[in-house]
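> Okay, here's the prediction I keep looking at, along with the sequence it came from:
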Amino acid sequence: MEAGEKLLQKVAARKDRLGDEAAFLYAFMAMDSGDAKLGASRFEEFLKNRPRSRKGDEAAWFAAYATFRTGSEGKEAARTKFARLVHDYPDSSLALQGLYWQARCSKPRDAASARRSAWRPRT
């Protein structure tokens, strides 16, 4: 582990806003380096350890998208995680994207219903 990554983990251990930012960046770096499986795992850890973080919706989004990026075997798990994003963060600007990706990950027979939800006007 590099010195920078160790420092980031140390800051991520803090239970404040700076700790949230560091933990999010730590998770994102794994995904950004091309390891979608590790990225998904780290974002799930973020959501578990920081349930009230203001970055929760973004972490839920990236956990779902990273899972999608793991390949066809991750498609059903990704659909479930996109559904979680929509359910847990309905007012997030990412909720509509979550509905879209939920439809993309659905089986063809279920996709139409998911698409209708994504296109329904929100109030």
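That came through fine.

> Name the SS class of residue 93, please.
What DSSP: H, G, I helix; E, B strand; the rest coil gives for residue 93 is coil.

> excluding its backbone neighbours, what's nearest it?
Setting aside the residues directly before and after it, residue 93 is nearest to residue 57 in space (C-beta to C-beta, 6 or more residues apart in numbering), at 8.0 Å. All C-beta spots, glycine's among them, are computed from the backbone N, C-alpha and C.

> Skip the chain neighbours and tell me the closest residue to residue 55.
residue 24 (5.0 Å).

> next one: residue 83
residue 102 is the one closest to residue 83 (C-beta to C-beta, 6+ apart), at 5.5 Å.

> Return the per-residue confidence for residue 15.
Residue 15 carries a pLDDT value of 89.

> any idea how far it lies from residue 53?
Going from residue 15 to residue 53 by C-beta to C-beta, to the nearest Å gives 10 Å.

> Looking at these two, which is more packed in?
Here residue 15 and residue 53 are compared on neighbour count by other C-beta atoms under 10 Å; more neighbours surround residue 53, at 18 against 10.

> sec struct for the nearest residue to that one once chain neighbours are set aside, please.
Of all residues not flanking residue 53 in the chain, residue 20 sits nearest, at 4.7 Å (C-beta to C-beta, 6+ apart). Secondary structure, three-state DSSP: residue 20 is helix.
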